[in-house]
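*Asks:* please find the sequence and the predicted model below.
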Amino acid sequence: MRQRPIGITAGDATLSGDLALPEGARGIVVFAHGSGSSRHSPRNRAVAEALHRAGLGTLLMDLLTEEEEREDRVTAHLRFDIAFLADRLSAAVEETARRPEIAGFGIGAFGASTGAAAALVAAAEQPDLIRAVVSRGGRPDLAGEALASVRAPTLLIVGGRDEQVLELNREAMARMACEVELRVVPGASHLFEEPDALEEVAHLAADWFSSRLGA
């Protein structure tokens with residue numbers, strides 16, 4: 001396993017990321033965290049470890065700079081600026097695709113909460129780069145009109161007890177024309193903190209990406 005911190009250029013900003021590539025990997029998943037989270041999210045890292053075991057690389061990254069994070073903790077406005085977050089994710093995907101050690105890899109996007117909307121907008125804008133999307137407890141509805149333009153196979157994972165988000169996912173799914181599946185984890189709440197719930201999320205995500213990114 002090759003792991004190292006990297007810097008990602010997005011406009012005038014330099015974002016922090018952690019790149020991990022298992023031996024023999026042929027696909028990589030870029031993570032878009034949710035509201036108020038970061039690349040250090042234990043839930044996203046647990047999913048990343050499952051992807052590594054499945055032979056997939058990962059890029060865990062911060063969509064905001066440290067200064068922007070401090071501002072957002074007070075105002076909470078950037079975490080819901082889906083277009084802004086999608087631009088950051090798109091920049092990361094483009095830079096990832098240019099890296100020599102990742103040349104020819106299939107690229108996927110994993111989004112949680114508002115990060116799921118950013119992942120879907122980025123997928124709609126980059127159909128030739130993003131080949132699969134997984135949403136964990138996400139708000140795909142916030143992707144708006146971009147939903148109809150998504151071509152990447154998309155898996156929506158929602159906790160059975162997260163009723164409001166579940167309904168929003170069903171509404172978003174009805175607006176999508178691509179291959180899309182909704183998987184409900186029984187008894188799980190929004191953060192999948194119940195026993196075995198996050199493990200099920202990781203298993204579902206690993207299967208989805210492995211079958212579509214050539215791992």
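*Replies:* Cool, the structure landed.

*Asks:* distance-wise, check the residue nearest to Ser149 when sequence neighbours are not counted relative to Gly144.
*Replies:* In this structure, Ser149 finds its nearest non-sequential neighbour in Ala124, 4.0 Å apart by Cβ to Cβ, 6 or more residues apart in numbering. Quick note: C-beta positions are derived from backbone N, CA and C, even for glycine. For Ala124, the distance to Gly144 (Cβ to Cβ, to the nearest Å) stands at 10 Å.

*Asks:* quick one, which of those two is more surrounded?
*Replies:* Counted by other Cβ atoms under 10 Å, Ala124 and Gly144 do not tie: Ala124 has more neighbours, with 22 against 15.

*Asks:* can you give the distance from the helix or strand the more buried one falls within to the centre of its chain?
*Replies:* Secondary structure assignment for Ala124, by DSSP states H and E: helix 114-125. Relative to the centre of its chain, helix 114-125 is centred 8 Å away, using Cα atoms, centre = their mean, to the nearest Å.

*Asks:* what are the ranges of the strands in the protein?
*Replies:* Using DSSP state E, the strands found in the chain span residues 2-10, 13-21, 27-32, 57-61, 106-112, 130-136, 154-159, 180-185.

*Asks:* shaky segments in this protein?
*Replies:* By pLDDT under 70, the weakly predicted segments of the chain are 34-37, 215.

*Asks:* now with 50, please.
*Replies:* By pLDDT under 50, the chain contains no weakly predicted segment.

*Asks:* Asp81 versus the residue sitting furthest away from the middle of the chain, what's the distance?
*Replies:* In the chain, Val74 marks the outermost C-alpha relative to the chain mean, sitting 24.4 Å out by Cα atoms, centre = their mean. Look at Val74 and Asp81: by Cβ to Cβ, they are 15 Å apart.

*Asks:* quick one: Ala202 and Val47 touch, right?
*Replies:* Yes - using Cβ atoms under 8 Å, Ala202 is in contact with Val47, at 4.7 Å.

*Asks:* neighbour count winner among these two?
*Replies:* Using other Cβ under 10 Å, the more surrounded residue of Ala202 and Val47 is Val47, with 29 against 22.

*Asks:* for the residue nearest the centre of the chain, name its beta-bridge partners.
*Replies:* Closest to where the C-alpha atoms of the chain average out (Cα atoms, centre = their mean) is Phe110, at 2.0 Å. Bridge pairing for Phe110 (DSSP bridges) gives the partners Phe31, Val134.

*Asks:* residues in contact with Thr65?
*Replies:* 13-15 (Cβ atoms under 8 Å, 6 or more residues apart in numbering).

*Asks:* that one and Asp196, how far apart?
*Replies:* On the measure of Cβ to Cβ, Thr65 and Asp196 end up 36 Å apart.

*Asks:* look up phi and psi at Ala177.
*Replies:* For Ala177, the backbone dihedrals are phi -100, psi -10 (criterion: degrees, to the nearest 10).

*Asks:* what sits against it?
*Replies:* Contacts of Ala177 (Cβ under 8 Å, 6+ apart): 148, 150.

*Asks:* that'll do, ta.
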